[in-house]
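Peer 1: for reference, the sequence and a predicted model appear below.
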Amino acid sequence: METSAVLASAEDRVVDEAVAALERRDQARHHASDPEQRRHHLRQLFRLVLRCVNEGRTEPIITPSERIAADRFVAGVDIAEVQGAFNVLQEALWHQVAGALAGDQRIEALGLVNAIIGAGKDALARTYVALASREGNRLGEQPAPPGGDGKAGTGGVLAGTDGLAGAAVRTGVHGQVGVITLDDQRQRNAIGAQLASGVVAALESLRAQDVRAVVLRAAAGMDVWSAGHNIDELPRGRRDPLGYNDPLEGLLRAIRTFPTPVVAMVHGTVWGGALDLVLSCDLVTADETASFAITPANLGLPYNTTGLLHFLGRLPINLIKEMFFTAAPLDAQKAKEWLLVNHLVGSAELEAFTLELAAMMAAKSPMAIAVIKEQLRVLSDYQPIAAQVYERIQGLRREAYDSSDYLEGLNAFAEKRRPIFRGI
Ligand code: KGA
C-alpha cells in the first residue's frame, strides 16, 4: 500500500492521537487549552503533511509553517508549545506508518515523514529565531554557537540553525553562504533515510534563508567524509536497491536541482554512493586526506542507470570503468589529475578556501547562476533512450540484484568478512 493511501485513510486516528497526547501534556502541566481549536490546527498540519507526501517533496509545508510561527509568535505562544504540535503529530504518523507498512516501504515512509515534519519544524524555528532577534530575543536563547565548521569565515556570523535539520546534520550560515555539516561519526556519515532527509531539510532551510551558495562537508575531525549508502537500509534482493524513491537518490536530485552552487568540501574518504553525492555537487574542493572509491562491485550491487549517467557526465569512461571494476580508492592527487576535484588545497586552508570560493559565487547574479546550473543539468542529463533498451538494462540489473552475489555482498558486510562471489 502507498504511504499516501495509508495516511489519507488515517486522518482522524492520527489527529485524535495527537490531540490526546497534547491534552495529556497540558494536564501534567496544569494548562488549559481549547481542544477544538487544537484539533483544527492539527488537522491542517496533517493535511499539509499529506500534500507533501502526495507531491513527494517537503516544500508545501515550509511557507505555512513560517506563517504558523509568525502567528503564534505574535500571539505570545512559546516556541516549545508550537513545536510540540509537530512532535506529537510526527509520533502519531509514525505509529500509523509502522502499523500499516513493513520492510523497506516502512523505512522509506518513515524517512519521508521525518523529512516533511523536519522541514516544517526547521521553518518554524527559523521564523521564531528571526522574529525574536528582531524583538530582542524573546526565545530566551542565543542562536546556536558556531560548531567546528564555524571558525573561518567571510566576515559573517554563523547564524546557527544547528541541530534543527536532524541530529546528524547541522547547518550554519556565513554571510550568504550556507554550510551543511554531516555529523554521524558512529556510522561514518553513511547515508540512510534519516541523514538524507536531514540534508534535504537543511537545503530547504538554507533556501528559505536566501543563501546564494552552499558548502557540504563532514564534521571537523572525521576521517571518513561519508561511507556511502547506508548498507543496512539497502533492500535484500527482489527490489531495485537504488530505485527512484531511495533516500540517497532523492538527496542527489535535491542537490542537482538546488538553485545555488553547491560545493562538496572533502576532508577524508568517500565511499560508494557518497561519490555520486560529491559528483552531484557543482564543484569539489579537497585536501590531501581525501580519497574517492565507488564500491558496488564489493557488494554485488548493479548500480543504477541514472547514477552511471552522473559519472559519465563528470569523468572519462576509462576512469569510471577502473573505479567501478576495482572499487579501489583514488587518492587526492590522482583525483585532481583526473579533474574529479576542482581544487586540492592543504588541510589547514581547506575550510577558508572553500568558503571564499563559495562567497565569490554568492556575490554573482543568483538568477544567472540558477538558470545556467539548470541548463547544464538538463543538457548533461539528456539521454534519449528507447523504452526497449531501458527495459533491457533494467532486466539485466534485476538479474544482478536478485542474485546470490548481491545477498552475499550484503551478508559479508554485516558479518565483517570478505565476500565470496560465485557469479550467480
Ligand atoms: N552502511 C552502514 N553502516 C556502515 C557503513 C555503511 N555504508 N559504513 C560503516 N558503517 C558502520 C559499520 O558497520 C560500523 O558499525 C560503524 O559504521 C563504523 O564503521 O560499529 P558497528 O555497528 O560495527 P567501521 O568500519 O568500524 O569504521 P572504520 O574502521 O573507520 O572504517 C570506515 C570505512 C568507511 C572504511 C568502513 O566502515 C567501510 O568500508 N564502510 C563501507 C564503505 C562502502 O563500501 N560503502 C559503499 C556503500 O554502498 C553504496 O554506497 C552503494 C550504493 N554502492 O556502492 O553502490
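Peer 2: Thanks, I have the structure now.

Peer 1: count the neighbours of residue 391 for me.
Peer 2: Using other C-beta atoms under 10 Å, residue 391 has 10 neighbouring residues. In this view, the C-beta of every residue, glycine as well, is placed from N, C-alpha and C.

Peer 1: kindly report the same for residue 26.
Peer 2: With other C-beta under 10 Å as criterion, residue 26 counts 16.

Peer 1: right, and it touches residue 33 too?
Peer 2: Yes - with contact defined as C-beta atoms under 8 Å, residue 26 counts as touching residue 33 (5.1 Å).

Peer 1: so what's whichever residue of the stretch 301-424 of the chain sits closest to the ligand up against?
Peer 2: For the stretch 301-424 of the chain, the residue positioned closest to the ligand under C-beta to the nearest ligand atom is residue 301, at a distance of 4.5 Å. Counting by C-beta atoms under 8 Å, 6 or more residues apart in numbering, residue 301 touches 234, 241-242, 400-401, 406, 409.

Peer 1: list, out of those, those positioned next to the ligand.
Peer 2: Contacts with the ligand within the contacts of residue 301, counted by C-beta under 6 Å from any ligand atom: residue 242.

Peer 1: and the contacts of residue 301, which of them are in helices?
Peer 2: In helices, defined here by DSSP state H, the members of those are 400-401, 406, 409.

Peer 1: of all these, which comes closest to residue 41?
Peer 2: Among the ones in helices among the contacts of residue 301, residue 401 lies closest to residue 41 (C-beta to C-beta), at 44.3 Å.

Peer 1: can you pull the contacts of residue 222?
Peer 2: Residue 222 sits next to 183, 185, 188-189, 267-268 when contact means C-beta under 8 Å, 6+ apart.

Peer 1: surely it forms part of a helix?
Peer 2: No - counting by DSSP: H, G, I helix; E, B strand; the rest coil, residue 222 is not found in a helix; it is coil.

Peer 1: quick one, phi psi at it?
Peer 2: Backbone dihedrals for residue 222, given as degrees, to the nearest 10, come out at phi -80, psi 140.

Peer 1: re earlier: for the residue of the stretch 301-424 of the chain closest to the ligand, helix, strand, or coil?
Peer 2: Residue 301 - assigned by three-state DSSP - is coil.

Peer 1: that one and residue 230, how far apart?
Peer 2: 13 Å (C-beta to C-beta, to the nearest Å).

Peer 1: what mean pLDDT would you report for stretch 345-360?
Peer 2: Mean pLDDT, stretch 345-360: 98.

Peer 1: need the residues that contact it.
Peer 2: Outside stretch 345-360, the residues that touch it by C-beta under 8 Å, 6+ apart are 149, 151-154, 174-177, 179, 213-215, 217, 261, 263, 265, 267, 283, 285-289, 343.

Peer 1: go on, stretch 99-109?
Peer 2: For stretch 99-109, the surrounding residues in contact (C-beta under 8 Å, 6+ apart) are 1, 3, 6, 10, 97-98, 193, 233, 235, 239, 245-247.

Peer 1: who in the chain is up against the ligand?
Peer 2: Where the chain comes near the ligand, counting by C-beta under 6 Å from any ligand atom, the residues are 187-188, 190, 224, 227-232, 242, 271-273, 295-296, 298-299, 301, 303.

Peer 1: and those, which of them are buried?
Peer 2: Buried residues within the residues of the chain next to the ligand, counting neighbours by 16 or more other C-beta atoms under 10 Å: 187-188, 190, 224, 227-231, 242, 271-273, 295-296, 298-299, 301, 303.

Peer 1: doesn't residue 61 fall inside a strand?
Peer 2: No - counting by three-state DSSP, residue 61 falls outside a strand, being helix.

Peer 1: and the gap between the residue of the stretch 51-200 of the chain found nearest the ligand and residue 233?
Peer 2: Proximity of the stretch 51-200 of the chain to the ligand (C-beta to the nearest ligand atom) peaks at residue 190, 3.5 Å away. Residue 190 sits 8 Å away from residue 233, going by C-beta to C-beta.

Peer 1: residues contacting the residue of the stretch 101-250 of the chain found nearest the ligand?
Peer 2: For the stretch 101-250 of the chain and the ligand, the shortest gap (C-beta to the nearest ligand atom) falls at residue 228, measuring 2.7 Å. Counting by C-beta under 8 Å, 6+ apart, residue 228 makes contact with 190-191, 270-275, 295.

Peer 1: narrow these to those in strands?
Peer 2: Members of the contacts of residue 228 lying in strands (criterion: DSSP state E): 270-271.

Peer 1: wait, which of the contacts of residue 228 is closest to residue 90?
Peer 2: residue 191 (21.4 Å).

Peer 1: the closest one bridge partners, please.
Peer 2: Bridge pairing for residue 191 (DSSP bridges) gives the partners residue 229.

Peer 1: where along the chain do the strands fall?
Peer 2: Taking DSSP E, the strands of the chain run over residues 169-174, 177-182, 213-218, 224-226, 262-266, 269-271, 283-286, 291-293, 330-331, 343-344.

Peer 1: what does the fifth one contact?
Peer 2: Identification of contacts with strand 262-266 by C-beta under 8 Å, 6+ apart yields 213-218, 225, 255, 277-278, 281-287, 290, 292, 341, 350-351, 354, 357-358.

Peer 1: wait, residue 110 touches residue 97, no?
Peer 2: Yes - with contacts counted by C-beta under 8 Å, residue 110 reaches residue 97, the gap being 5.7 Å.

Peer 1: break this structure down into its domains, please.
Peer 2: What automatic domain parsing lists as the domains of the chain is 3-135, 169-381.

Peer 1: in terms of mean pLDDT, which of the ones you listed ranks lowest?
Peer 2: The weakest mean pLDDT among these belongs to domain 3-135, with a mean of 84.

Peer 1: and the longest helix seen in the chain, what's buried?
Peer 2: As assigned by DSSP H, the longest helix anywhere in the chain is helix 103-134. Buried residues in helix 103-134, counted by 16+ other C-beta under 10 Å: 104-132.

Peer 1: that one to strand 169-174, inter-axis angle?
Peer 2: Using axes from the mean of the first three to the mean of the last three C-alpha atoms, to 10 degrees, the inter-axis angle of helix 103-134 relative to strand 169-174 is 30 degrees.

Peer 1: so for the residue of the stretch 101-250 of the chain closest to the ligand, what's the nearest residue that isn't a sequence neighbour?
Peer 2: In space, and not counting its chain neighbours, residue 228 is closest to residue 272: 2.8 Å by C-beta to C-beta, 6 or more residues apart in numbering.
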